[in-house]
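Colleague: Provide a 3D model corresponding to the input given below.
(one chain, ligands or ions: 2)
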Amino acid sequence: MAILPLLHYPDPRLRTIARPVATVDDQVRRLVLDMAETMYAAPGIGLAATQVNVHLRVVVVDVSEAQNDLRVLINPEITILGSDTKIHQEGCLSVPGVYDEVSRPDRIEVRALNAQGDPVSFIADGILSVCIQHELDHLNGKVFVDYLSRLKQGRIATKLVKAERDGALPQPEEAGLSATAHNSLMRLKAALG
Ligand code: GNR
Ligand code: NI
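Modeller: Ligands and ions are numbered 1, 2, ... in the order given. Have a look, this model is predicted:
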């Protein structure tokens, strides 16, 4: 297992549209484990493969407080349910230190493959729904700041380019792993055989 380096906005590689996974093989399972470790180490509540410069449709999410509800979503698809929208404060590991409000549909149906390659589907709302929509945007080359004003986008880009140049942007480290996150990783590893 490995913690993977993150791309930072406005890196143009974040604009890549990810390809569907054809087969959930050992290489994809290794990616999933590395992504889960990287998400927990950051720490974040979700991570898309795009953010670690792998342009495959793979997402990991764990929105639980205890970091004990890891979900692996391969080739995820969503359907918006109803017309309810909600505004949430969003952040992104690829846009460190920036938090702003984004409006999104509240209730969605999610269909994907899990790490075993089996189809899963569920209904999500609240922060889980926000997080999955945020991750699906990454797979489609979209970043949450795209929903903000052009003025804010420009200020954010300037700030992050300078911070990157100064080596001031955070990268996830092993030390950031909680005991419960470690347990989630070990459970996933065991489930994958
Ligand atoms: O860790 C994260 N927190 C978060 C908070 C509000 C809305 C979305 C997110 S996702 C983010 C991790 C990340 O960048 N995933 O792509
Ligand atoms: Ni993000």
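Colleague: residues in contact with the closest residue in space to Arg15 that isn't next to it in sequence?
Modeller: Spatial nearest neighbour of Arg15, chain neighbours left out: Gly141 (4.3 Å); criterion: CB to CB, 6 or more residues apart in numbering. For glycine as for every other residue, the C-beta is placed from the backbone atoms N, C-alpha and C. Gly141 is in contact with 14-17, 50, counting by CB atoms under 8 Å, 6 or more residues apart in numbering.
Colleague: want to throw the residues you listed into TSV with secondary structure?
Modeller: Output for these, formatted as TSV (DSSP: H, G, I helix; E, B strand; the rest coil):
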residue	secondary structure
Leu14	helix
Arg15	helix
Thr16	coil
Ile17	coil
Thr50	helix
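Colleague: on that earlier part again, name the SS class of the residue nearest to Arg15, please.
Modeller: Assignment for Gly141 (three-state DSSP): coil.
Colleague: next up, phi/psi of Ala2, please.
Modeller: Dihedral pair for Ala2: phi -150, psi 150, per degrees, to the nearest 10.
Colleague: next: the one 10 residues further on.
Modeller: Here the main-chain torsion angles of Pro12 (degrees, to the nearest 10) amount to phi -60, psi -20.
Colleague: sorry, back to before: narrow the contacts of Gly141 to just the buried residues.
Modeller: Buried by 16 or more other CB atoms under 10 Å: 14, 16, 50, out of the contacts of Gly141.
Colleague: ligand 1: which of those residues is nearest?
Modeller: Thr50 (8.3 Å; CB to the nearest ligand atom).
Colleague: mind listing what the nearest residue to that closest one once chain neighbours are set aside touches?
Modeller: Nearest residue to Thr50, sequence neighbours excluded (CB to CB, 6+ apart): His138, at 4.4 Å. By CB under 8 Å, 6+ apart, the residues touching His138 are 14, 18, 48, 50-51, 59, 94.
Colleague: can you tell me how far His138 is from Leu151?
Modeller: 23 Å (CB to CB, to the nearest Å).
Colleague: ok, back up a step: and the two most separated of the contacts of Gly141?
Modeller: Leu14 and Ile17 (10.9 Å; CB to CB).
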